[in-house]
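# whatever this is, show me its structure:
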Amino acid sequence: MDLYSFIGSSCGIRLYTVKSHEKPDNLTRIQVNRVVSRSNSNRVSCELVDYVEATEYRKKFKSNSSADRQHIKNNSSSNSSSSKHRSYPSVLVPPSDFSSNVNESETDEYTNIDTSRDSEKNALSKPSGVAHKRDLLSELFDHEKYSQVVEAFYESRKSRSSSNRIPSSTGTYNTVISSLIKLGNLAEALELRDEMRRFNVKADSITYTTIIQEFARQGSVKKAFGVLDEMEAEKQVPTNQMFNILLGVSFRMGSMQYVDRVFAEMQAAQRSPDHVTIATLLNGLRRSNRMDEALALLGEFRKAGISLNMFAFNGMIDSCAKAGRLVDALELFDALKEDGLTPDNVTFSALFQAFAKAKRFDALEELWAEMEKHKVVPDEISYRVMIEAFGGAYKLGHVFRLFRNMQRDGIPVSLRAFTVLMQACARNGATDIAFTILKDMKTANVRPDNNVFVALIESCGRTNDLDRALQVLEMMKQEGVQADTKTFNSLIFAAGNARKLDTAFEIYNAMKRANVAPDSYTQNVLIAACDINKESEKAFEVFEAMQNSEFKPDAVTYNTLIKICGRKKDLKKAIALFGMMNRQGVVPTRRTYNALLTVCNIVGDVDFARTVFEKLREESQPDSISFNVGIELFSRSESTESDCLLLLKEAQNHQNAQIRIDNLIYVLASNSRIGTLSKIIQQTSAKALAFKSDPRTFENALRVLIDNQHKQTAQRLLKWASKSGFSVSNRKLGQTLMKE
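Numbering: from 1, shown residues only. Model (predicted):
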């Protein structure tokens, strides 16, 4: 099957046939204008172009990094403001140096439209004065002085001396048209294109690509395809770059009929899809939420022996990772290696972020080992993702090993890297280390910003050190960093944790006096401070005020209030809050259901707990907290024994559930619930339950069974627990159990 009908049958797009022996275009011809820089200039996003080819291309031509593009944008906006109302001389007749014999430039079809000056250099030779004028335009364009390009072009037409005029060649027009588009003046650029037609100056691929790309940028799909009609009328063949741009904008604007037309036009022009086309197609499908089709198409490409580049694979891996499709992401990772490609930092960063979000720390370590195996030197993004992940997992030792390795690899530590390191310290309450990091930042000449200081204040809050938190506020003033909403929120948090509720409200009032706008999180942190200080009535006062303000309660608000109801043993109010939450359209989270289960457990309401579990299974997934609270509640009575065993079975099939079963065993043993214990041994697996127990509590349960003449049950229980690696540490107890 040929490539066109192959793509069509795979993704449901009507496509046409082409001779199967046709080869893709030379991939070293690259559309660098489609390369988009990621968070730093050394990383390229998974868009359309192979990063290796882009790197080679950049050795030859100047490309725009993200900083360059911003600089262009700034210059363009400033230049356009001065040129919007400029009145250029109208051109009614061709310039006297006009030559109708200018040949079409055979410009490389993948050349960036910003290099239109290259076709200028290939124009017909002119006298030295004219050549100087031509070079002047190129030099101005190189330095992004687009307004001056336009001014020089029009001013040269006023001169009566032909030696002072800029030649009206294809290259000259391309440079001016590109400059006008950079200045946001597409209308005048199109007027120049019409002028070229009137004066028989033949447009080349750069002319058309420049205009097509601008229409595509604006999302004008119909106008972009209108350029193809214009080219057909002039008997010019579109390039692959044009088709790839059109394919990309068709997907972006959701115009699938134009996707179909791109491939029809490619077939008519006898252009074979190249790697960029394939990558654009896969990219368009996945961004259109058609991941299953994109994955199926990628698989069919591989079966047909059509090689894919790193951008195609990295884009798919990134999409699967962001969608939480970890299995698909790993399968693509394996496919990439099977096809002889070497995963790079982009590949690993996408996987790191996905598994960090899923809290799969074992997989993160395996991926890191895989990275070292492929001799891929981690970049700053990879280190940052790993530091943030293990910081959130309270593995501070692992965090600083990564940080030392980062320094060992000679990777400059940026502000963002210092920030995630500071945040890791904050989560782990390592306040002294956090202050040391602040000193290291000054040594490294990295100026801390508000996020760094907020993390430092939060670290103080977690260690109940309000005095140091307030000192951080003074340090911010010395550094000239303005306190914002996050700063005051973290200070309120610190005051609440320090059991100084009055100070928390004083900070809140100071926040309003400083004209710093509070947000919903401010109200939530105030309610949390009331909860920590066991001021339930004060918490509900904040809640009432919140309902009458612009800040509406969210799931976090209700979760905290339901938790407060548990401490007050007020299930009725907790249920009322849950109903209010649903009426206001606030979606309950797993924490909401866990808070309700906790209240049920405290008051012993089994019936409502069953209802909560049903809702939890429908709308979310039970976690370790859900299972442990439910098992504790249902284990209290023989009448709910079946509920208890059901939850144990469900928990052992749950991937991440960690059941603290020691208390359950002790309660059952103390109440001589031998039948329930026997059923647990028969129907569940201690290993599958991720047996997390306090050995002393479990040994006490064994001792109670022995004392109550249930030695055989104790022996069976020990054998059951030993499958998870549990062993008796008390020698005397062990000897007793070993005796027949």
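# tell me the pLDDT of the residue sitting nearest the centre point of the chain.
By Cα atoms, centre = their mean, the mean C-alpha position of the chain lies nearest to K322, the distance being 6.5 Å. Predicted confidence (pLDDT) for K322: 84.
# and it, how far is that from I433?
Distance of K322 to I433, given as Cβ to Cβ, to the nearest Å: 32 Å. From N, CA and C alone the C-beta is placed, and that goes for glycine too.
# what's the answer for V385, then?
Taking Cβ to Cβ, one finds V385 at 20 Å from I433.
# before we move on, what about R198?
According to Cβ to Cβ, R198 stands 72 Å off from I433.
# do N489 as well
Plainly put, N489 is 23 Å away from I433 if you go by Cβ to Cβ.
# between these two, point out the one with more neighbours.
Legend: neighbour count by other Cβ atoms under 10 Å for N489 and I433, higher for N489 (25 against 18).
# now do the contacts for that one.
Remark: with contacts taken as Cβ atoms under 8 Å, 6 or more residues apart in numbering, N489 is in contact with D519, Y521, T522, V525.
# who wins for neighbours among those?
That'd be V525 among the contacts of N489, by other Cβ under 10 Å, with 26 neighbours.
# I'd like the next helix or strand past the strand or helix carrying it.
Following DSSP states H and E, one finds V525 within helix 520-532. Sequence order places helix 536-547 as the next helix or strand after helix 520-532, per DSSP H and E.
# so for that following helix, mean pLDDT?
93.
# which other helices and strands does it contact?
helix 520-532, helix 555-567 (3 or more Cβ pairs under 8 Å, 6 or more residues apart in numbering; DSSP states H and E).
# make a markdown table out of these and add mean pLDDT.
Output for the helices and strands packed on helix 536-547, formatted as a markdown table (pLDDT from 0 to 100):
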| stretch | mean pLDDT |
| --- | --- |
| helix 520-532 | 95 |
| helix 555-567 | 95 |
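# wait, which of those helices is closest to Y258?
Judged by Cβ to Cβ, the one of the helices and strands packed on helix 536-547 that comes nearest to Y258 is helix 555-567, at 41.5 Å.
# quick check: what element follows that closest one along the chain?
helix 571-583.
# chain center to that following helix, what's the gap?
Between the centre of helix 571-583 and the centre of its host chain there is 35 Å, according to Cα atoms, centre = their mean, to the nearest Å.
# quick one: contacts of it?
553, 555, 558, 561-562, 565-566, 588, 592, 595-596, 599-600, 603, 605, 608.
# in that helix, what counts as buried?
By neighbour count with 16 or more other Cβ atoms under 10 Å, helix 571-583 contains the buried residues L571, K573, A574, I575, L577, F578, M581.
# among those, which two are most distant?
L571 and M581 (15.2 Å).
# what are the ranges of the helices in the stretch 601-740 of the chain?
Under the criterion DSSP state H, counting those that start in this stretch, helices of the stretch 601-740 of the chain are mapped to 606-619, 624-634, 641-652, 662-670, 674-683, 695-707, 711-722, 731-738.
# check which helices and strands the fifth one is in contact with.
What that stands for is helix 674-683. When contacts are defined as 3+ Cβ pairs under 8 Å, 6+ apart, helix 674-683 packs onto helix 641-652, helix 662-670, helix 711-722.
# then the longest one?
Here helix 606-619 touches helix 590-603, helix 624-634, helix 641-652, going by 3+ Cβ pairs under 8 Å, 6+ apart.
# now that helix, how far from the centre of its chain.
When C-alpha coordinates are averaged (Cα atoms, centre = their mean), helix 606-619 and its chain have centres 33 Å apart.
# now tell me what touches that helix from outside.
Outside helix 606-619, the residues that touch it by Cβ under 8 Å, 6+ apart are 571, 575, 588, 590, 593, 596-597, 600-601, 622, 626, 630, 633-634, 637, 640, 643, 647.
# which among these count as buried?
Neighbour counting with 16+ other Cβ under 10 Å marks 571, 575, 588, 590, 593, 596-597, 600-601, 622, 626, 630, 633-634, 640, 643, 647 as buried within these.
# now L466. Nearest residue, chain neighbours left out?
The shortest distance from L466 to any non-neighbouring residue, by Cβ to Cβ, 6 or more residues apart in numbering, is to A498 (4.0 Å).
# from E506, how far off is the one you found?
A498 sits 13 Å away from E506, going by Cβ to Cβ.
# got the contact list for stretch 700-711?
By Cβ under 8 Å, 6+ apart, stretch 700-711 touches 662, 665-666, 668-670, 672, 674, 713-714, 717-718, 728, 733, 736-737.
# and for stretch 391-399?
For stretch 391-399, contacts defined as Cβ under 8 Å, 6+ apart pick out 356, 359, 361, 387, 390, 420-421, 423-425, 427-428, 430, 433.
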